[in-house]
Structure formats: C-alpha cells, structure tokens
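Colleague: model the structure of this input:
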Amino acid sequence: MEKAITIGSVVYSRAGRDEGRYYIVTEIVSDGFVRIVDGDVRRLDKAKLKKLKHVKVTGDVIESVAGKIKTGAVIYDSEIREALRRYNS
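Modeller: Sure, this is the predicted structure:
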C-alpha cells in the first residue's frame, strides 16, 4: 500500500543530483509532481519541482511546518533545516 503524500510530508529523493537526501513537500503541483525543500541547498524561495516517481514517501509529516504552509504563515529555512536535522545527519 502506497503512503499518502501531503503538504509537510518528509520524502526521500531516489533519483537526480539530490539523490539520498530528505526533503519536505511544500506544494502538490499535480498528480505526478511536488515541490520540495530542505532549507539548505533547496530553500523555500527556490523549491525543487520533482516527479513523484523519483521520491519515496517516508510516512512522516512535520505538523508544525505543514500548519504554517497551509495557513500562509511566515516560515523560515532554519525551521525546515531543524525539522530535517534527524533525517539528513
């Protein structure tokens, strides 16, 4: 069974230059694409457009980040980095 992907989901990149890193989904563009950030290489102002088949959904959702994205509140790259610290270390 495939895990559902939502805003705030933690995903693992399986292909591309960013292979092997964890990211947070900031936008679901369409059925086959999402925008992802890590707060370091891929910051919020330049989110990466990635095909769903190139990411693996971990099943974890960072609720604090998801809530801010959904409500339009100000969110900083440092919050993204802190949320992904345990994944990308």
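Colleague: and the spatially most central residue of the chain, what is it in contact with?
Modeller: Note on the chain: the residue nearest the mean C-alpha position is Ile24, at 1.6 Å, using C-alpha atoms, centre = their mean. Going by C-beta atoms under 8 Å, 6 or more residues apart in numbering, Ile24 touches 8-11, 36-38, 62, 65, 80, 83-84. (C-beta placed from N, C-alpha, C; glycine too.)
Colleague: check Ala4 too.
Modeller: Val57.
Colleague: how far away is it from Leu84?
Modeller: In this view, Ala4 and Leu84 are 20 Å apart by C-beta to C-beta, to the nearest Å.
Colleague: run through who's touching the helix or strand in which Val65 is found.
Modeller: Applying DSSP states H and E as the criterion places Val65 in helix 63-71. In this structure, residues lying in contact with helix 63-71 by C-beta under 8 Å, 6+ apart are 6-8, 24, 26, 73-75, 79-80, 83.
Colleague: try it again with 10 Å
Modeller: 6-10, 24-27, 37, 39, 44, 62, 73-76, 79-80, 82-84 (C-beta atoms under 10 Å, 6 or more residues apart in numbering).
Colleague: ChimeraX command for the buried members of those?
Modeller: With 16 or more other C-beta atoms under 10 Å as the criterion, this ChimeraX line picks the buried residues out of those:
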select :7,8,9,10,24,25,26,37,39,44,62,75,79,80,83,84
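Colleague: from the contacts of helix 63-71, which land in helices?
Modeller: Counted as lying in helices by DSSP state H, out of the contacts of helix 63-71, are 79-80, 82-84.
Colleague: of all those, which two lie farthest apart?
Modeller: Glu79 and Leu84 (9.8 Å; C-beta to C-beta).
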